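Chemist: need a 3D model of the following:
(one chain, ligands or ions: 2)
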Amino acid sequence: GALVELSDVSKFYGNIRALEGISLQVRPGEITCVLGDNGAGKSTLIKIISGLHQHDGGSFRIQGEETRLASPREALDRGIATVYQDLAVVPLMPVWRNFFLGSEPTTGRGPLRRLDVAHMRRTTHSELLRMGIDLRDVDQPIGTLSGGERQSVAIARAVHFGAKVLVLDEPTAALGVKQSGVVLKYVAAARDAGLGVVLITHNPHHAYLVGDRFVLLKRGAMAGSYEKAELELEE
Ligand code: ADP
Ligand code: ADP
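Modeler: Ligands and ions are numbered 1, 2, ... in the order given. Predicted coordinates for the structure are as follows:
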């Protein structure tokens with residue numbers, strides 16, 4: 001079954017219609033691409049799936065269960081991890097520290113112990129390596145990584161912490177050709193690890209390279225919905 005399913009979803013800001021009649025499915029081991037120009041409703045859709053906004057009409061199911069997410073924290077608890085374009089990382093902190101940011105126990109402990117630090121360093125390095133990211137120095141400040149590398153670390157982090165659904169907000173928008181290719185490779189790795197991926201993009205070429213399903217938005221409405229096979233050229 002679908003990890004996430006939207007049926008006939010609508011969202012209004014006052015009387016501005018941001019979304020109406022939106023339906024899509026996110027399945028494990030598949031990449032669902034959402035395409036559309038500025039103002040099409042892509043951000044609004046992400047905000048609903050990631051718990052920042054709630055839909056006004058239609059149905060939003062997570063693993064079959066009708067849902068209204070109250071917060072991004074609840075989305076995360078339900079297995080939905082979102083990687084935003086302006087990544088919430090602390091640039092001066094080491095890569096390993098960013099990898100574990102927000103995952104530490106919040107009660108009953110003092111500063112991180114040396115043992116924990118060694119473990120977190122090792123885990124960060126091996127988890128990145130598992131995704132094919134060979135970062136020699138996990139002690140370097142994350143701010144010294146390229147935009148593509150930072151996106152990649154965020155993707156590896158979501159996979160490591162057990163996300164079922166990975167939502168990516170324009171991960172290649174600010175990147176050049178080579179970096180885009182690298183990030184798309186990691187997006188595919190997350191899919192191959194069994195996650196359901198939502199890839200928001202305005203780049204049809206990037207969508208076509210990795211996508212399994214495609215949802216086209218136009219001024220808040222569905223302009224099309226396809227599976228990969230439907231887009232393949234006939235012999
Ligand atoms: P996209 O991400 O595809 O550019 P958005 O989801 O940001 O699209 O916007 C969809 C529509 O909703 C646009 O017409 C936009 O102006 C409007 N909109 C988005 N956010 C708000 C808001 N907070 N208040 C009012 N209108 C909004
Ligand atoms: P909800 O959490 O119920 O989804 P929203 O956070 O989307 O609510 O916003 C509630 C209302 O606040 C919206 O219906 C919209 O009219 C108004 N609103 C939110 N952001 C903006 C904005 N940037 N500009 C104008 N109106 C906004």
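Chemist: quick one, strands of the protein?
Modeler: 4-13, 16-26, 31-35, 57-62, 65-66, 80-83, 165-169, 196-201, 213-218, 221-227 (DSSP state E).
Chemist: could you say what helices and strands the first one packs with?
Modeler: Contact partners of strand 4-13 among helices and strands, from 3 or more C-beta pairs under 8 Å, 6 or more residues apart in numbering; DSSP states H and E: strand 16-26, helix 42-49, strand 57-62. The C-beta positions use only the backbone N, C-alpha and C, and glycine is treated the same way.
Chemist: just want the angle from the second one to strand 196-201.
Modeler: Which is helix 42-49. Going by axes from the mean of the first three to the mean of the last three C-alpha atoms, to 10 degrees, helix 42-49 is angled at 160 degrees with respect to strand 196-201.
Chemist: helix 42-49 near ligand 2 anywhere?
Modeler: No - contact of helix 42-49 with ligand 2 (C-beta under 6 Å from any ligand atom) is absent, the minimum separation being 7.2 Å.
Chemist: quick one: closest of the strands of the chain to Ser180.
Modeler: Closest approach to Ser180 among the strands of the chain (C-beta to C-beta): strand 196-201, 10.0 Å.
Chemist: please see if the closest one touches ligand 1.
Modeler: No - using C-beta under 6 Å from any ligand atom, strand 196-201 stays clear of ligand 1, coming no nearer than 7.7 Å.
Chemist: ok, that strand: who's next to it in the sheet?
Modeler: Here strand 196-201 has these sheet partners by DSSP bridges: strand 31-35 (parallel), strand 165-169 (parallel).
Chemist: any low-confidence regions in the protein?
Modeler: Counting by pLDDT under 70, the chain shows low-confidence ranges at 88, 102-115, 233-235.
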